[in-house]
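Participant: Prediction below, plus the sequence it came from.
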Amino acid sequence: MAKPTCYPAKAGYGCPPSCAPVADECPNHPDLYLLRDAAADERGAIADYLTCAAETCLDELFLDVAEDEMQHYVETMRLIARFDPIQAEMLEEEDLGFLVMQRPIGKAKWSQSAKKNPAEETDVGVIPPNKKDLPAIRCITKAIQDELHAINKYQRYMNDAETDLVKEHFCELMNDEKEHVAEFTAALFELTHEPLPEEND
């Protein structure tokens with residue numbers, strides 16, 4: 001019986017001749033499911049809060065919370081990159097290397113002492129987006145959420161597949177979606193003025 005042929009893979013990401021995914025090419029850590037879902041939810045919250053800041057009189061409140069969520073997104077993406085070297089490489093290719101750093105991000109400005117003394121708080125670090133950019137921000141945010149969920153779906157399918165050829169197929173689909181996450185994130189950050197200064201140290 002003839003040996004099945006692997007689907008063509010991106011340069012550097014192809015599985016070995018046996019078509020069996022290996023850890024470096026098809027990252028499969030179980031915590032990645034949780035982290036990607038969390039990252040998708042953080043991006044949704046950020047888009048909502050930026051919209052509310054632009055459309056209500058409570059702009060400072062919503063920008064304060066958006067700043068926290070932006071920091072959460074960076075922390076979560078850094079954990080994803082730690083467990084998923086393919087995603088880390090895709091982010092670096094889009095000049096998002098700060099999302100793959102292993103060190104923790106700078107201390108959040110909203111310390112307990114700052115909360116007790118509002119007069120000592122610094123100004124909000126988030127720059128409000130232009131209102132004309134809000135539809136694009138929402139569309140790109142939705143795209144990132146969908147891609148992160150798709151990666152999780154294909155990772156589950158890869159785990160459940162019976163044959164090596166099908167496993168390889170889902171591995172390649174999963175890695176293609178990781179490139180989309182990086183591309184969309186780079187485009188989004190142009191509109192939302194991310195990363196915040198303390199995130200890009």
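Facilitator: Received, thanks. Residues are numbered from 1 along each chain as shown.

Participant: Next, count neighbours for the closest residue to residue 99 other than its chain neighbours.
Facilitator: Nearest non-adjacent residue to residue 99, counting by CB to CB, 6 or more residues apart in numbering: residue 77, 4.4 Å away. The C-beta positions use only the backbone N, C-alpha and C, and glycine is treated the same way. Burial of residue 77 is recorded as 26 neighbouring residues (other CB atoms under 10 Å).

Participant: Just the element for residue 77, please.
Facilitator: helix 59-83 (DSSP states H and E).

Participant: buried set for that helix?
Facilitator: 59, 62-82 (16 or more other CB atoms under 10 Å).

Participant: Does the residue nearest to residue 99 touch residue 90 like I think?
Facilitator: No - counting by CB atoms under 8 Å, residue 77 does not reach residue 90; the two are 11.2 Å apart.

Participant: circling back: would you quantify the distance from the residue nearest to residue 99 to residue 156?
Facilitator: 21 Å (CB to CB, to the nearest Å).

Participant: doesn't residue 66 make contact with residue 126?
Facilitator: Yes - Residue 126 is within contact range of residue 66, at 5.3 Å (criterion: CB under 8 Å).

Participant: so what's in contact with the two at the same time?
Facilitator: Counting by CB atoms under 8 Å, 6 or more residues apart in numbering, the residues touching both residue 126 and residue 66 are 50, 53.

Participant: And stretch 172-191, how far out from the chain middle?
Facilitator: 8 Å (CA atoms, centre = their mean, to the nearest Å).

Participant: quick one: buried residues of that stretch?
Facilitator: 172-185, 188-189, 191.

Participant: cool, and stretch 150-161?
Facilitator: Buried residues in stretch 150-161 (16+ other CB under 10 Å): 150, 151, 152, 154, 155, 157, 158, 161.

Participant: Keep only those of these that are in helices.
Facilitator: In this view, these that belong to helices under DSSP state H are 150, 151, 152, 154, 155, 157, 158.

Participant: Show me which pair in those residues is furthest apart.
Facilitator: Spatial extent of these (CB to CB) is set by the pair 150 and 158 at 12.4 Å.

Participant: So which helix or strand of this protein has the lowest pLDDT on average?
Facilitator: Ranked by mean pLDDT, DSSP states H and E, the helix or strand of the chain with the weakest confidence is helix 112-116, at a mean of 38.

Participant: longest helix of the chain?
Facilitator: Longest helix in the chain, counting by DSSP H: helix 164-192.

Participant: avg pLDDT for that helix?
Facilitator: When pLDDT is averaged along helix 164-192, the result is 95.
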